[in-house]
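**Q** Okay, structure incoming, though there's no sequence with it:
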Ligand code: G6P
Ligand code: MG
């Protein structure tokens, strides 16, 4: 069987990671503490709820249940405001070309993202029709590094776990792929993503043969 490719969304296909960061930073600042890009590495790939727990821990702040929920709503409102204008120009270098060459080879393609906004973003960047399966934050209950999102994607594609290649920009996502027993290509820094099987700065110039 041909291998299948499972792509994370934020920071792999589209440059939304910076907007998540800006919205979390704005929330942290509104709660009276700062939140740096360095701290943000821990949040990449992590669900909205788990991200807020981590941020509150970093800021030494506690919220009651109602305040916690309100903070989640505020963060998502700001995030949606930031991404209102996004379009295909925010697709990361080479990602669209790589996706279509994978499909041309007859390989199956899934999305494996923690985001509940994934379908909205794929629509805006006009890539929704490139996926055979979409597993997003609305379909999973366990946050990366739990392998649930990638295991569900393999199941929806009907491809064995050992034939799946995951593309991830987040430490938690690389761990989730490893925990699923899949091969993982890190997109980003080789220092940060040192648990990936190999790491590339982006998809520019990457061919399917290179990956296989
Ligand atoms: C992705 C991003 C995270 C984000 C999470 C939830 O994995 O890397 O930064 O917190 O999705 O996204 P959402 O759009 O549901 O808030
Ligand atoms: Mg990501």
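**A** Thanks, I have it. Because the structure is predicted, anything quoted here is derived from the model rather than measured. Residues are numbered from 1 along each chain as shown. Ligands and ions are numbered 1, 2, ... in the order given.

**Q** Skip the chain neighbours and tell me the closest residue to residue 137.
**A** Counting by C-beta to C-beta, 6 or more residues apart in numbering, the nearest residue to residue 137 once its immediate chain neighbours are dropped is residue 116, at 3.9 Å. No exception for glycine: its C-beta is placed from N, CA and C like everyone else's.

**Q** just checking, that neighbour touches residue 48?
**A** Yes - between residue 116 and residue 48 there is a contact at 6.9 Å, judged by C-beta atoms under 8 Å.

**Q** Now do the shared contacts for the two.
**A** residue 137 (C-beta atoms under 8 Å, 6 or more residues apart in numbering).

**Q** Looking at those two, which one has more neighbours?
**A** Applying other C-beta atoms under 10 Å to residue 116 and residue 48 shows that residue 48 carries more neighbours, namely 19 against 14.

**Q** how far away is the residue lying closest to the more buried one once chain neighbours are set aside from ligand 1?
**A** With sequence-adjacent residues excluded and distances taken as C-beta to C-beta, 6+ apart, residue 48 is closest to residue 72, at 5.9 Å. Distance from residue 72 to ligand 1, counting by C-beta to the nearest ligand atom, to the nearest Å: 8 Å.

**Q** Next, the contact list for residue 72, please.
**A** Residues in contact with residue 72 (C-beta under 8 Å, 6+ apart) are 48-49, 52.

**Q** where's it, which helix or strand?
**A** Per DSSP states H and E, residue 72 falls inside helix 65-83.

**Q** quick one: average confidence on that helix?
**A** Within the predicted structure, the mean pLDDT of helix 65-83 is 97.

**Q** Could you do stretch 40-52 as well?
**A** 91.
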